[in-house]
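Chemist: This is a predicted model, with the sequence first.
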Amino acid sequence: MNVDPNMVAIGGGGDATENSPGALLTASYPNDDLTGWLVSSKDHRYPMNYPLYAYAIGMKIEGMSREQLMEYISVNAADSGVAQHPEVSVSPPDNSYILINGGFKVEWHGYGNLATASFPDSDTSWKARSKDHLEADPANLKVYVISIKQQLPVGKIRKRIFQTTSGVTAHPFGFAYVDSVFALCGGDGEVHYTGVGNMLWALHPSTTVGEQFFSARSKDHGESDPSSITAYAMGILLSQNQDGTINHG
């Protein structure tokens with residue numbers, strides 16, 4: 001999914017399906033030149049055809065061209081190494097950058113390895129987790145963190161993380177809303193499963209004008225494992241006036 005040519009892709013997500021038997025997410029991450037967001041999913045054990053929907057969040061800041069903005073944005077990645085339940089986190093290059101979003105890509109090659117979490121595990125790092133399910137398939141998990149220089153030529157960036165946790169159910173879902181003074185720039189989700197597994201099938205931003213939230217949904221698959229899920233939304237704002245007035249980034 002591509003953003004407008006004058007924007008930088010800083011977030012996104014995708015929807016597979018929870019319709020029986022269901023399909024689950026394996027990747028949600030930025031492309032190499034930040035012109036779009038890439039998403040992938042798979043059926044698992046039970047074959048089915050289904051549509052996959054992708055979403056992308058684009059950033060544009062008044063007073064800066066896309067080329068100028070790209071000079072202030074960093075994308076860093078880390079690999080987990082091959083494991084049945086891989087997990088890894090990654091941070092911005094240094095403390096002059098602010099974390100604004102992240103993503104993941106499960107590099108599975110056999111039966112399948114499925115995403116269970118992608119979220120800001122601190123104010124300065126992004127973590128992702130995945131797992132094989134019902135059949136062994138060790139895989140590498142690549143996690144991405146997107147960050148921006150706090151000080152821009154047109155002002156100073158601030159960010160805030162918003163989150164909400166659902167109740168326990170077989171197909172949990174959550175919506176994290178950002179305060180109106182902030183601009184939604186991304187988000188993701190973390191499944192809190194305790195049994196055989198409950199995996200992500202949908203991660204997506206609001207698409208209605210006037211609404212700013214990020215939603216996360218997951219499901220058990222093949223075997224029962226009711227769980228809760230935490231949805232995260234990333235919000236940023238730009239202070240660009242000498243009197244400290246805050247304007248949206």
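Modeler: Arrived safely, thanks for sending. Everything quoted here is computed from the prediction, not taken from an experiment. Numbers count the residues shown, from 1 in each chain.

Chemist: Can you report how many residues neighbour Glu211?
Modeler: By other CB atoms under 10 Å, the residues close to Glu211 number 12. Placement of C-beta: from N, CA and C, glycine included.

Chemist: does it count as helix, strand or coil?
Modeler: Secondary structure, DSSP: H, G, I helix; E, B strand; the rest coil: Glu211 is coil.

Chemist: What pLDDT is listed against it?
Modeler: We have a pLDDT of 89 for Glu211.

Chemist: Next, it: phi, psi?
Modeler: phi -110, psi 140 (degrees, to the nearest 10).

Chemist: May I see the buried residues of stretch 99-115?
Modeler: Of the residues in stretch 99-115, 99-108, 112-115 count as buried by neighbour count, 16 or more other CB atoms under 10 Å.

Chemist: what do you get for stretch 44-53?
Modeler: For stretch 44-53, the neighbour count (16+ other CB under 10 Å) marks His44 as buried.

Chemist: Now the residue nearest to the spatial centre of the chain. Nearest residue, chain neighbours left out?
Modeler: Taking CA atoms, centre = their mean, the centroid of the chain lies closest to Asp188, which sits 3.8 Å from it. Excluding the flanking residues, the one nearest Asp188 by CB to CB, 6 or more residues apart in numbering is Ser118, at 4.0 Å.

Chemist: which SS state does that neighbour fall under?
Modeler: Looking at Ser118 with three-state DSSP, the answer is strand.

Chemist: What about it, how many residues nearby?
Modeler: When neighbours are counted by other CB under 10 Å, Ser118 comes out with 31.

Chemist: swap in Gly167?
Modeler: Gly167 has 11 nearby residues by other CB under 10 Å.

Chemist: Contacts only, for it.
Modeler: Residues in contact with Gly167 (CB atoms under 8 Å, 6 or more residues apart in numbering) are Ser228.

Chemist: Name the helix or strand for it, please.
Modeler: If you go by DSSP states H and E, Gly167 is not part of any helix or strand.

Chemist: Direction included, what does the helix or strand encompassing Ser40 pair up with?
Modeler: Per DSSP H and E: Ser40 is located in strand 37-43. Using DSSP bridges, the strands paired with strand 37-43 in its sheet are strand 23-30 (antiparallel).
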